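> Here is the input, now give the coordinates:
(one chain, ligands or ions: 1)
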Amino acid sequence: MAATGVQDMRYKAISIKTELPGPNAKKLIEQDYQFVSHSYTRDYAMVAKRGDGVFVEDADGNVFLDFSSGIAVCSTGHCHPKVVEAIKTQAETLIHMSGTDFYYEPQIDLAREMSKIVPIEGKVMSFFGNSGAEAIEAAIKIARNKRRRPRMMAFIGAFHGRTMGALSLNGSKIRHHENFHPLLPGVIHAPYAYCKRCPYGAKYPGCNLECVDFIKKTLFTKMVSPEDLSCIVMEAVQGEGGYVVPPVEFMKEMRKLTKEHGIVMVIDEVQSGMGRTGKMFAIEHFNIKPDVIAIAKGIASGLPLSITCANSETMDWKPGAHASTFGGNPVACAAALATIDLLKKEILKNVKTVGAHLKAKLESIAEKYDFIGDVRGLGLMLGMEIVDGKKSFNPNAELRDKVIHKAFEKGVLLLGCGPNTLRFAPPLTITKEHADMMCDVLVKVFDSVKK
Ligand code: PLP
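A predicted model of the protein is given here:
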């Protein structure tokens, strides 16, 4: 096993042997169309059959380099042997018992581990669910229960999930909301600190954080009393909104504001957590400690698990107030414990070094193409904005989507985020060679779309 924790992989390179989609993929997609919900957004015709490290083989034997990791989930790579072993061992011992009614060791072990690694002041307690949205639902209820205040604040550009509570906090795409109102009442959205596209036309640094001023001087005096807010829910790095990293001072000011008014600060680390940014949690880059942290995606390397962590004073609810039959299932907990062990031992270091290497390469590529407006992000949570031109900086969603399609044809799996951003969210086990491999494909794609 190499130093990054990457298993010796069956695949070493991209290999596209058929037209895409291939014949088997085509048949499966037809079946899918007949029987599977049409609410899923499949950006291209990838039918995954087998995953191995940073590669995925499709139904026709084509091999792709995966820079999506199942939307930032396969943190330790596909089917890491240590995670597979932990899952197998636990599956042979106890698959389910329901933590809502019984005790079992993997859940207790994981909660103890979370209390050590989660950056929250005081004694940390864990609530277990199955998805990112559920982690947010739990956070909303923890805050409501603690504060007994009716309103909540979230941010424009935010994504917190698709259940009705989490959905009420979203501010990234109208498609998530349309036809589903009324949602939870009393939610107010503030502009996020998206400095490259500052809603106030200001320039950071030197803007005196107009975004925070707007909340204090306009929203808190005209729209919502801070004393009515149970919580402010925010991502430390906006994910679906476009991989937007706010200034450190913005997050610090938000923490001050929440403390001043007794508002529960909920940080959504569903996408940015579990090592993705080079620290275990993205909020550690900002050196603040919130009251609640919502975790899912990468926590169990692909098994469904979410954890909402809060200090014991904030998570102050009575038995029966909240629970989930499957939440914190023993097999998912075992996968999470193996994942955390790998992250701590080897992978976090890898994210820092390979993330810095990839970012530098993307920045040097960006210099050569007028349609690349920005390269940003932390660790292996990197984004590249596609624009009409560097000068106009107008978002170019069509070109971004074209790049994603062409990358797929050349054997690289990418996703978009925000209206016009390319998202680079590979397994955290990629090597510099894999990063270079992706960049070589990207350059070919960029050359092919260059006018
Ligand atoms: N929060 C963030 C920041 C996310 O990125 C996501 C999913 O993309 C969610 C919450 C919702 O997670 P899930 O799809 O597991 O419900």
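> of all the residues in the chain, which ones are close to the ligand?
71, 131-133, 136, 159-161, 235, 239-240, 268, 270-271, 296 (Cβ under 6 Å from any ligand atom). Where you see a C-beta, it was placed from the backbone N, CA and C, and this is true even at glycine.
> Just give me the closest of these to the ligand.
Comparing the residues of the chain next to the ligand against the ligand with Cβ to the nearest ligand atom places Gly132 closest, at 2.1 Å.
> How about the backbone phi and psi for that closest one?
phi -60, psi -40 (degrees, to the nearest 10).
> Can you give me the neighbour number for it?
27 (other Cβ atoms under 10 Å).
> Could you report the separation of it from Lys196?
26 Å (Cβ to Cβ, to the nearest Å).
> And the strands in the stretch 351-451 of the chain, which stretches?
372-378, 381-386, 412-413, 415-417, 421-424 (DSSP state E, counting those that start in this stretch).
> quick one on the thing from earlier: out of the residues of the chain next to the ligand, which are inside helices?
If you go by DSSP state H, the residues of the chain next to the ligand have 71, 132-133, 136 in helices.
> Save those as TSV, and put in pLDDT too.
Shown next, in TSV, are those (pLDDT from 0 to 100):
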residue	pLDDT
Ile71	96
Gly132	98
Ala133	98
Ile136	98
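> Point to the residue nearest the middle of the protein.
Nearest to the geometric centre of the chain sits Gln271, at 1.5 Å (Cα atoms, centre = their mean).
> Just the pLDDT at that one, thanks.
Looking at Gln271, its pLDDT is 98.
> On the three-state scheme, the nearest residue to Leu110 once chain neighbours are set aside is what?
Leaving aside its chain neighbours, Leu110 sits nearest to Cys333 (4.5 Å; criterion: Cβ to Cβ, 6 or more residues apart in numbering). Under DSSP: H, G, I helix; E, B strand; the rest coil, Cys333 falls in the helix class.
> I'd say Cys333 and Met114 touch.
No: with contact defined as Cβ atoms under 8 Å, Cys333 does not count as touching Met114 (10.5 Å).
> Look at the two and report which has more neighbours.
Cys333 (28 against 22).
> Distance check, the more buried one against Leu94.
Counting by Cβ to Cβ, the gap from Cys333 to Leu94 is 10 Å.
> Tell me where the stretch 301-450 of the chain has helices.
Applying DSSP state H, counting those that start in this stretch to the stretch 301-450 of the chain gives helices spanning 330-342, 348-366, 397-409, 432-449.
> among those helices, which is the most enclosed?
Greatest average neighbour count among the helices of the stretch 301-450 of the chain goes to helix 330-342 (a mean of 24), per mean count of other Cβ atoms under 10 Å.
> any weak-confidence spans in the stretch 301-450 of the chain?
Counting by pLDDT under 70, the stretch 301-450 of the chain contains no low-confidence residues.
> just to revisit the earlier point, quick check: which of the helices of the stretch 301-450 of the chain is nearest to Ala190?
helix 397-409 (24.4 Å; Cβ to Cβ).
> Show me what the closest one packs onto, helices and strands only.
On a contact count with 3 or more Cβ pairs under 8 Å, 6 or more residues apart in numbering; DSSP states H and E, helix 397-409 meets strand 381-386, strand 415-417, strand 421-424, helix 432-449.
> repeat that with 6 Å
Of the remaining helices and strands, those touching helix 397-409 by 3 or more Cβ pairs under 6 Å, 6 or more residues apart in numbering; DSSP states H and E are helix 432-449.
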